[in-house]
Structures are given as C-alpha cells and as structure tokens.
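Asker: Fold the following for me, if possible:
(chains A, B and C)
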Amino acid sequence: MSSDVLLQARGIGKRYGAGCEACAELTGPQAGVNRCPRCGTVHALCDVSFDLHEGEILGIVGESGSGKSTLVQCLYFDVDASEGELRLRGEADGENLFDLPRSRKRRVRGRLMGMVYQNPLRGLRMDITSGANVAEKLLEADVFNFRRIRDRAAELLASTEIPAGYLDAFPRSLSGGMQQRIQIAKALANNPPLVLLDEVTSGLDVSVQARVLDLIRELQRERGMSMIVVSHDMGVIRLLADRTLVLKNGRVVERGLTDQILEDPQHPYSQLLVHSTL
Amino acid sequence: MIRVQGLTKTFHMHVRGGAVLPAFQDVSFHVNPGEFVGISGPSGSGKSSLLKCLYRTYLPSRGEIWYTDGDSVTRNLASEDEHVIISLRRQEIGYVSQFFPVIPRVSALDTIANGMVARGFDRTESEERARSLLARLGISRSLWDMFPSTFSGGEKQRLNIIHAVITSPRLLLLDEPTASLDAESAREAVALITEMKQQGTAMIGVFHDRALLGRLSDRVLEMSA
Amino acid sequence: MKLDDLVPPRSSPYNFAFLDEGAKREIRRALLKAVAIPGHQVPFASPELPIARGWGTGGLQVTMSLIGPQDVLKIIDQGCDGSVNAVNLRKLLVATTGVRTTYDSREATLLQSRHRLPEIPMQEGQIAVLQVPLPEPLRLVEPSEVETRRMHADGDYARMWVSLYEDVVQNGAISLASGYPCRVNDSYIMSPSPIPRWDIRRLNQSRQLTLLGAGREKRVYAVPPYTSVQPLEFEDMPFTVEDFSGMSCVRCGSTDTFLDEIYDEATGTSFRACSDTGYCDLVRSGQVASPAERDSGRVPAEAAGE
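Answerer: Sure thing, here's the model as predicted:
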C-alpha cells in the first residue's frame, strides 16, 4: 500500500447462494440481472476493487440493485463479504480485515470507522437519548470517564448544529434532519479516519438535505477525513465527491474524476445515468 | 511546462442508438512558464473540449499531455491516476470556465478563501487575499458574505476568475473568462492575468475577442472545424 | 459398602440429598466448567423438581449436588437463618442427608444464601452458594438470549455501559441497589445475584469459592477463590456502598454491618438491626470479640477441634 492510501479494497464480492459456472456469464451489467437464472444465486457484488486515499471523498453511484449499499455494509462489517480483501493502513499488520475474528472487526470499526445510514433507525437506538447514542460509540472505544463522555457528546452535537438542549432528548421525538445529524455526531465520535455515508440525505426535505450536506462538507474540510459517499443522486455526488465509481448489477462499470463522469461518461450505463439526471 | 502531443478527442454516445462525434484531432503544442498560448477557431472547432481534456474533465481518446510539475516530475495527464489529477488541480492547475460551479450556501468570501485553505494556507491570510482580489475585481463589499447563487452573470464570472487565480497556479486554463464581463471588469481581469503571466504562470486561453486574444498571446493555436 | 452404610440416619425415603446421582453429576460437571471460566454462565439441565421455580431451586440443586455426609450446612435468606424459606430448605436438606447444621458461618462448609453474604469473611475450604433469579446482567438492555450470548462472546458490553450512563444522567449516580453488574477476572460481566452493594467486596479476591445457581433460567456460574470481581464504574465516579453512618444495630450494637430497617407497628417507630442474624447473635454472646477478630479469619476453637 502506497503511503497515502488509507483503504485498499480488492475483489470484494457478496453472493447469496452457492453460485455455478454459468453465473459469471448470466449475471452482471451486460446481462442486466443480479440473479443467476440457472442456479438462483443472487450476486449483490462482484469483483469490486478500489483504493481510497487519505483526505479523499469517493462517490459511489448506481441505481437499485447496483450493490452500492451492500458494498458499504461489507466495508463496515455489517454484512460478511463472500470474498475479497480489505486493508486499512496501519491495521492488523496489513492483513485482510475480512479474515479477522468478529470481536476484532468490531474493535476496528469502533475505532477507525464512522457510519451514517440512510434510515436513522438503523444507525441510532431510539430508546436511549441522543447523548447516549454518541456515548455508545465512545464506550466502544473504552472511554470510561463519565465527564469526558458527557462533554465530548455535547461537543459533537454542537458541531453538528444540534441545540444543546437535545443532549438528553430521545431521537424518536426529533425530526429526520436532526436524527441524521445525531448519526453524523456519533460517526465522528472517535475521530475516525474513515466515514461511510449511505444515502444520508434521501428521504429528507430539500432544505434539510441541503443543510446536512453542507455540514458534511464543512466537517470533512475541517477534519480531513476520508469518506465514501453512496448516493443515487448525482447532485450529491457532484457536491461531495472528488472521484466516483459507477456500479451496475454489482460491478464497477466506470471509475473516474467526478466531473469527468458527469461531463464525459464513457460507459453506456454511465451515459444513461447522467443523461437521465434532471 | 506542458507539452501536448497528438491529442485527439472523439465522443462515443451510446444513448439513442449511438453516435460518433469527433471534437478535435491530432493537436500538438507546448507552453512554457510565463507564456500565453491562445486558442482560436470557429464555433464547434473543439476549443473548449481541448481545455477540458487538459483539465481531465474530458478523457482524451488519443495522444499525450506531458506536464512538468513544481517538483520537476513529468507526467502524462491523459493517463494519470485520478488522485494525482486531484492533487494537481488543487495545487498547480487552475481552470476558469464559462460557468461558475456554485457551491450552495457558502458565502462568496468562503468559496474563494477555501481554495487557499485547502492548499494549506492560514485561514486569516486566505481571507485577506480573497478580500483584496474581490475588491480589485469590483465585487462590492456587501456581497462578500452573500451566497453566489443570486449573483449576476458578471459577478459570478469574476468570482470564477478569482477562485482560479487565488492559489497562484503554475498553469491556468481559461475558457472565455471575460465573456460576460463589462468593459471595466474585463480590463481588471486582463490586468490580473497579465500580472500572473509576468510572475511565470503558463496559460492556455480561449477568447472570443480576437483582438484581446492577440494582445495577450505569445502564440496562437488555430483550430479548424 | 453402600452409601447408606456411611451416612447418618435420614428420615426420608429419598436418595441422599434428594437428587439422583446422575443429576448431581451433571450439575458438578457444569460447576467445574463454571469454575474454569469465571463469570461465564453454563447451562445445566435443572429438571422439574417438586419444588416451584422462584423458591431457590438453582441454589438448592447446587448444594444438593455437592453436599456430603461430612459437610456442615448453613442456610440463610436475607441474612437470616430463621426466615421461612431458609427454614424449609434446611429441613429438606437435613431430612435427606442428616448432615449437621449451624448458625455460625465460620463452621459451615457449605453456606447457601439468598441475597446476602455473611459479615464474617469466608475462608479457604468454604463454599458459598447463592440463589439467582436472573443470571443474565445484560437482560437489562437486551431481551434476546442469542444476542446476549453473542455480546458476552465478543466482549461487546457497550450497551450495558450506555445504560449506566443514562442512569447517571437521570439520577446523578448509578442507582442500582442490588445485583450490581461486575466484571469477573477482567473478562465476563456477571450479575452477583441480588446481594446488596455492601457484599460485592466480599467477592473480590475472596478466599471462598462462590457458586451461583439459577434454577428457572437453568444456568450456573462461579467465582473461584482469589478472583477479581470489580463492580462496573466510571473512572470519575467510584463505586459506593450503602451508608449506615450514625446508625447501629439495636441488638448487638455493631456499627459496621449491613443493617435492616425494621418497622414496629405497635410503637410506630423503626429501628435498625443486623441483617446477618447469625453474626449478630455471635456478637451478643461474646463469641466474636471485635470487628478485627471477625475480619482476621481465625476459626473458632470448637470447629478447629473437630
């Protein structure tokens, strides 16, 4: 891994089913399906490789069935990849993180990764306060000092522009935009070098979306984290990402600078996607 | 500093049955530090496309773009890794397009200053420089904290120019930078460009105004349709 | 030579200690595993007995699987030998084993208890058996058994800590009064059974073996001697025990024991008395001269002579 590559992904695949010899030919972007008609195996992801450099924002764009969310879930260890290698600089002596035992994966992601889900119900626990949600991330990283936890949680909520009074409020009583901010605060709790954002503004009102995106951009600029931003919305990708991968039926069909993908897409599917954007 | 060799761009459209659209073919030239190479030609001759290829917004179909950076490393921008291009764009290569890429909800001042801060400059210093350039190009003080989305075409264009030049790039690509400016602002912009040229910035520019192009350029590249 | 030839005469027709030998062996094997992995809950058969759940069947089965003719048994409930439950359990065990019983915790080889540990620190060779209603400390935050087992396996206790954080936010301090979660051997988090905070320190680096049995939940677990047992606490908010300052036992005068508050309906007043009635009696009769002697761990002369 060269010096400023933070994350290296090679050949990541996720399938549901055993697979057969016909799968490669009968599934994928050419075939336009994820499910093999012969054996019924669903290939959510196939042979995805990329490098993420320090301080960089990588966009992942695609439609339903593209595998973009599955990819992020594999990176965050929410889902076990069927194959492939993942390496993070400075971790596990350069070993493939997918091979680590579950408890070690948990520790890696607690310290080094932050994740913001599209649906706050997945990323937050509604039955504990917003401060407690952030505290959970700190406690996973063995911060056991109450005052420090409290102060840090308050600081993080402030940095995501959540009013101080909401520290002890329950997320279920707050708006969608607020819930996303709490997720962001939680994701940043341990100053992770990598933050994963999965369709974070889909489903929010436009003005709320705008403010959340601003926040993300501002925080990234201040803290220099590397990010992977998944979206079906080209506008979001253009705003945030320096480089982009285009996924279709589980595979990368094109990769390049974001402005190049948007103005000079090469692959037929990328062209279709770009020209379909309002 | 930059040597273009046999550069060709042809668009292959896959939508609607497919079409092959050549933009330009077999372009070769070089630019030294402090030189201004103008690009001239009729509409549709690929002038903007050429600039976009140099900036890598378009992927060249054939040919090379040999660029020597500040550390004297020479690379072919046409085939270089994305992250290297990103770094070069941030540090060394500026681009003034006809359309200002408005970042929503960031004030004019911050939009400009952030470019310098991203290069590692101190925020206070960046804001100082941003203010002086904004004043120089006649953007009124009251607009500095406003969001550029509501600015006039001319104001946006001036921001565009300042945004590209504030980091003192080594290579500046200009695509009709003065097209929507009034005479006064155009004059200031040209003065700014001339200053930079004198400080050693290499420039490649497309200007609608042939006279202006002639005045600024050391050499002119003629493109045919 | 049969077992019956060795044991003292019993008044019931049941097997020695009620359970059949096969059941006892299964429990002992589970206990060995529990001792080998301090704080880890080990499942055991806990078959239906003609004794209702919730009446101490877990602790009882542990005692029954270990007790032998030479054992000296003490049974207490909330610190008292005389409470109804303790009396009934003792009767059952004596009827099926004929073993000697005692109210003096220093003499007991097996000490079964509900919700308290004795004031006199137990010694090497003694076994404490605690009755446990809910063995799973994480049940507070997670209803699924599959999930709590995973959490223990992964050492993933963040949610337990979060509930403690919320407790402090709402109440200014961790408000759990009994059954305070502890980390055993720097590894598993365990519920010490509903003993008060006061008794937690008697588990840490104890000289006795402590076994905990939950009959309804079918789990046993153990704290071997000289094992670390640390109550969960935030670095900046040290664990505290019940405060009895300014109070003393109305019967024996002790000012350093766990005191029950007893309300006298007749006079309308309340007073304090040692929860550990066995200890209280020893103090009153002069058999324990001072707290220092209590804590020294010396065995009484009579027990040493036997």
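
Asker: Can you show me the helices along the stretch 101-250 of chain C?
Answerer: Here the stretch 101-250 of chain C has its helices, by DSSP state H, counting those that start in this stretch, at C:145-154, C:158-171, C:197-200.

Asker: Could I have the CA atoms of the second one written out in CSV?
Answerer: Coordinates of the C-alpha atoms in helix C:158-171 are reproduced here as CSV (Å, rounded to 0.1, in the frame of the first residue of the first chain):
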residue,chain,number,x,y,z
ALA,C,158,-21.0,-1.1,25.3
ARG,C,159,-24.8,-1.2,25.7
MET,C,160,-24.5,-2.1,29.3
TRP,C,161,-22.3,0.9,29.9
VAL,C,162,-24.7,3.1,28.0
SER,C,163,-27.5,2.1,30.4
LEU,C,164,-25.2,3.1,33.3
TYR,C,165,-24.5,6.4,31.5
GLU,C,166,-28.3,7.0,31.2
ASP,C,167,-28.7,6.1,34.8
VAL,C,168,-26.2,8.8,35.8
VAL,C,169,-27.8,11.3,33.5
GLN,C,170,-31.2,10.8,35.0
ASN,C,171,-30.3,10.1,38.6
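
Asker: That one: which residues count as buried?
Answerer: C:158-166, C:168-169 (16 or more other Cβ atoms under 10 Å in any protein chain shown). Every residue, glycine included, has its C-beta placed from N, CA and C.

Asker: Spatially central residue for the chain, please.
Answerer: This is for chain A. residue A:196 (2.9 Å; Cα atoms, centre = their mean).

Asker: My question was about chain B, not that one.
Answerer: Central residue of chain B (Cα atoms, centre = their mean): residue B:95, at 2.0 Å.

Asker: Quick check: which element contains that residue?
Answerer: strand B:93-96 (DSSP states H and E).

Asker: Can you tell me what sits against that strand?
Answerer: With contacts defined as Cβ atoms under 8 Å, 6 or more residues apart in numbering or on different chains, strand B:93-96 is touched by B:51, B:55, B:67, B:89, B:160-161, B:164-165, B:167, B:169-175, B:177.

Asker: swap in stretch A:57-68?
Answerer: The list of residues contacting stretch A:57-68 from outside it, by Cβ under 8 Å, 6+ apart, reads A:14, A:34, A:44-46, A:48, A:50, A:52, A:71-72, A:198, A:220, A:226-232, A:234, A:237, A:240-251, A:258, A:261, A:273.

Asker: run the last query once more with 7 Å
Answerer: With contact meaning Cβ atoms under 7 Å, 6 or more residues apart in numbering or on different chains, stretch A:57-68 is reached by A:34, A:44-45, A:50, A:52, A:71, A:220, A:227-232, A:234, A:237, A:240-250, A:258, A:273.

Asker: what's the straight distance from one end of that stretch to the other?
Answerer: 15 Å (Cα to Cα, to the nearest Å).

Asker: one step back: which ones among the contacts of stretch A:57-68 map onto helices?
Answerer: A:71, A:220, A:234, A:237, A:240, A:258, A:273 (DSSP state H).

Asker: so what's the last one up against?
Answerer: Applying Cβ under 7 Å, 6+ apart, one finds that residue A:273 lies in contact with A:61, A:246.

Asker: Distance of it relative to residue A:246?
Answerer: According to Cβ to Cβ, to the nearest Å, residue A:273 and residue A:246 sit 7 Å apart.

Asker: With distance to residue A:83 and pLDDT added, can I get the buried residues of helix C:158-171 in JSON lines?
Answerer: As requested, the buried residues of helix C:158-171 are exported to JSON lines (distance: Cβ to Cβ, whole Å; pLDDT from 0 to 100):
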{"residue": "C:158", "distance to residue A:83": "30", "pLDDT": "93"}
{"residue": "C:159", "distance to residue A:83": "32", "pLDDT": "94"}
{"residue": "C:160", "distance to residue A:83": "35", "pLDDT": "95"}
{"residue": "C:161", "distance to residue A:83": "35", "pLDDT": "96"}
{"residue": "C:162", "distance to residue A:83": "35", "pLDDT": "96"}
{"residue": "C:163", "distance to residue A:83": "38", "pLDDT": "95"}
{"residue": "C:164", "distance to residue A:83": "40", "pLDDT": "95"}
{"residue": "C:165", "distance to residue A:83": "39", "pLDDT": "95"}
{"residue": "C:166", "distance to residue A:83": "41", "pLDDT": "95"}
{"residue": "C:168", "distance to residue A:83": "45", "pLDDT": "95"}
{"residue": "C:169", "distance to residue A:83": "45", "pLDDT": "94"}
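
Asker: For chain B, what's the nearest residue on the stretch 1-150 of chain A?
Answerer: residue A:53 (4.8 Å; Cβ to the nearest Cβ).

Asker: Show the backbone phi and psi for the closest residue to chain A within chain B.
Answerer: Closest contact between chain B and chain A, by Cβ to the nearest Cβ, is at residue B:14 (3.4 Å). The phi/psi pair for residue B:14 (degrees, to the nearest 10) reads phi -100, psi -20.

Asker: correct me, but it touches residue A:269?
Answerer: No: under the criterion of Cβ atoms under 7 Å, residue B:14 makes no contact with residue A:269, lying 8.4 Å away.

Asker: Among the two, which residue is more densely surrounded?
Answerer: Set side by side, residue B:14 and residue A:269 show more neighbours around residue A:269, with 21 against 16, by other Cβ atoms under 10 Å in any protein chain shown.

Asker: Look at that one and tell me its secondary structure.
Answerer: helix (DSSP: H, G, I helix; E, B strand; the rest coil).

Asker: Geometrically speaking, which residue is the centre of chain C?
Answerer: Short answer for chain C (Cα atoms, centre = their mean): residue C:130, at 3.0 Å.

Asker: how about that residue, what does it touch?
Answerer: Contacts of residue C:130 by Cβ under 7 Å, 6+ apart are C:59, C:113, C:193, C:210, C:212.

Asker: For the nearest residue to residue C:274 once chain neighbours are set aside, the count of nearby residues, please.
Answerer: Residue nearest to residue C:274 in three dimensions, not counting chain neighbours: residue C:280, with 3.8 Å by Cβ to Cβ, 6 or more residues apart in numbering or on different chains. Residues contacting residue C:280 under the criterion other Cβ under 10 Å number 24.

Asker: buried set for the lengthiest helix in chain B?
Answerer: Assignment by DSSP H gives helix B:183-198 as the longest helix of chain B. The neighbour-count check on helix B:183-198 (16+ other Cβ under 10 Å) flags B:185-186, B:188-190, B:192-193, B:196-197 as buried.

Asker: counting contacts, what elements does that helix pack onto?
Answerer: helix B:153-165, helix B:210-216 (3 or more Cβ pairs under 7 Å, 6 or more residues apart in numbering or on different chains; DSSP states H and E).

Asker: Off-centre distance for it?
Answerer: In terms of Cα atoms, centre = their mean, to the nearest Å, the centre of helix B:183-198 is found 14 Å from the chain centre.

Asker: and it with helix B:153-165, angle?
Answerer: When axes from the mean of the first three to the mean of the last three Cα atoms, to 10 degrees is applied, the directions of helix B:183-198 and helix B:153-165 differ by 10 degrees.

Asker: now whichever helix or strand comes after helix B:183-198: mean pLDDT?
Answerer: Using DSSP H and E, the helix or strand that directly follows helix B:183-198 along the chain is strand B:202-206. The average of the pLDDT scores along strand B:202-206 is 92.

Asker: Residue A:160 against residue A:184, yeah?
Answerer: Yes: the criterion here is Cβ under 7 Å, and residue A:160 meets it with residue A:184 at 5.1 Å.
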